[in-house]
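Give me the fold of what follows.
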Amino acid sequence: MTNSLKRFTIERGKWYAMEYLHGDDPDAVFEHFSPIYVFDVVPKKSGRGYLDLDFWHLNYPLGVNRKVYSLRTLHRAVSCLVSTRADQDGPAWARPTVIIKHMSEGWLQRHSHLALEDLEREGRNLEKMK
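Sure, this is the predicted structure:
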């Protein structure tokens, strides 16, 4: 029997749910949740799961919302991509974990003040500034 499910793939011009976890102390883990709009995703073709992700970080608390992260894929499932920031200093075990998954209305209600229709409208505006 073959599995007809495809592994999670990030596509340009789409909104995703991002969960960002950082900290090596279990009692002091920084957790941040944000919708992200993907401008570009560039696999590094190293065979080691590296990619550059150019995106709009909607819930970024301060500063510039447009970000580029270099990520290393740790796990690519049907529902999400689990990665670590490859562009951060320090040992690999201390780098932030970035989980990217499909956007859902429930996730959006828990982590943002916007509805899916608002994101679609915002995405069209972001494409104009690209």
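
now the helices for the protein?
Here the chain has its helices, by DSSP state H, at 105-111, 116-129.

Which among those is found nearest to Val68?
Smallest distance to Val68 across the helices of the chain (Cβ to Cβ): 14.8 Å, for helix 116-129. The way it works is simple: take the backbone N, C-alpha and C, and place the C-beta from them, glycine included.

in the helix-or-strand element of the chain with minimal mean pLDDT, what's buried?
Lowest mean confidence among the helices and strands of the chain (mean pLDDT, DSSP states H and E): helix 116-129, at a mean of 85. Buried residues in helix 116-129, counted by 16 or more other Cβ atoms under 10 Å: Leu119, Glu122, Gly123, Leu126.

Now that we have those residues, can you turn them into JSON lines and tack on distance to Asn65?
What follows is the buried residues of helix 116-129, written out as JSON lines (distance: Cβ to Cβ, whole Å):
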{"residue": "Leu119", "distance to Asn65": "14"}
{"residue": "Glu122", "distance to Asn65": "11"}
{"residue": "Gly123", "distance to Asn65": "13"}
{"residue": "Leu126", "distance to Asn65": "9"}
